Structure formats: C-alpha cells, structure tokens
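Participant: Make a model of this:
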Amino acid sequence: MKDFKIIVEKHPDGFVAYPLGLKGIVVGEGNTYKEALADVKSAIKFHIESFGKEVLDNDPPIIDAFITETKIAI
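Facilitator: Sure, this is the predicted structure:
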C-alpha cells in the first residue's frame, strides 16, 4: 500500500482528478467526485503496472499540498 495525494477539480461538466508526486501523466475523470477518484485510482494502478515502480520515485517526498488564489493584472 502507498498513500497518494490526489487533486480533484470540479468543472461545469464533471470532475478531474490527478495524483501529485508520480512520474508521468495520470488523470481520472467522472461525473461525480467519487467517480473521478475511482477512475484516477484505477489509472494510477495501470500506470505503475505499465511503467514499473520507478514512477514512484519521489525525492524529496511531497509532505502536503495547498490551493490558493491570487490576482494578476493582465
């Protein structure tokens, strides 16, 4: 078992989820939060099976993740 930090974004047409700290691109999606989370979990398993445990190498490890907003003049 390995813990992953997952970002889940809500969009007008559904949810998108992706893990932090995994080498490569892994994305899940769904109509609900739970569907997107289940899809990304499946995608993570497939990614590791396809490319090996080297994709788990994360040095240094991600301790926490934060979401914030800022304004930029454009």
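Participant: CA atoms for contacts and neighbours, from now on please.
Facilitator: Fine.
Participant: List the residues that contact Ile72.
Facilitator: Residues near Ile72 by Cα atoms under 8 Å, 6 or more residues apart in numbering: none.
Participant: Ala65 versus that one, what's the distance?
Facilitator: Distance, Ile72 to Ala65, by Cα to Cα, to the nearest Å: 22 Å.
Participant: Tyr18 too?
Facilitator: Separation of Tyr18 from Ala65 (Cα to Cα): 13 Å.
Participant: who has more neighbours, these two?
Facilitator: Shown here are Tyr18 and Ala65; by other Cα atoms under 10 Å, Tyr18 has more neighbours (24 against 9).
Participant: Next, the more buried one: secondary structure please.
Facilitator: strand (DSSP: H, G, I helix; E, B strand; the rest coil).
Participant: Bridged to it, which residues?
Facilitator: Beta bridges link Tyr18 to Ile7 when assigned by DSSP bridges.
Participant: ok, now which ones touch it?
Facilitator: Contacts of Tyr18 by Cα under 8 Å, 6+ apart are 6-8, 26-28, 40.
Participant: Filter the residues you listed down to the buried ones, PyMOL style.
Facilitator: Remark: buried members of these, expressed as a PyMOL selection using 16 or more other Cα atoms under 10 Å:
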select buried, resi 6+7+8+26+27+28+40
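Participant: So what's the residue count around Gly21?
Facilitator: Using other Cα under 10 Å, Gly21 is surrounded by 17 other residues.
Participant: Equivalent analysis for Asp3, please.
Facilitator: Neighbours of Asp3 (other Cα under 10 Å): 5.
Participant: thinking again about what came up before, tell me which two of the contacts of Tyr18 sit farthest apart.
Facilitator: Spatial extent of the contacts of Tyr18 (Cα to Cα) is set by the pair Val8 and Val26 at 12.4 Å.
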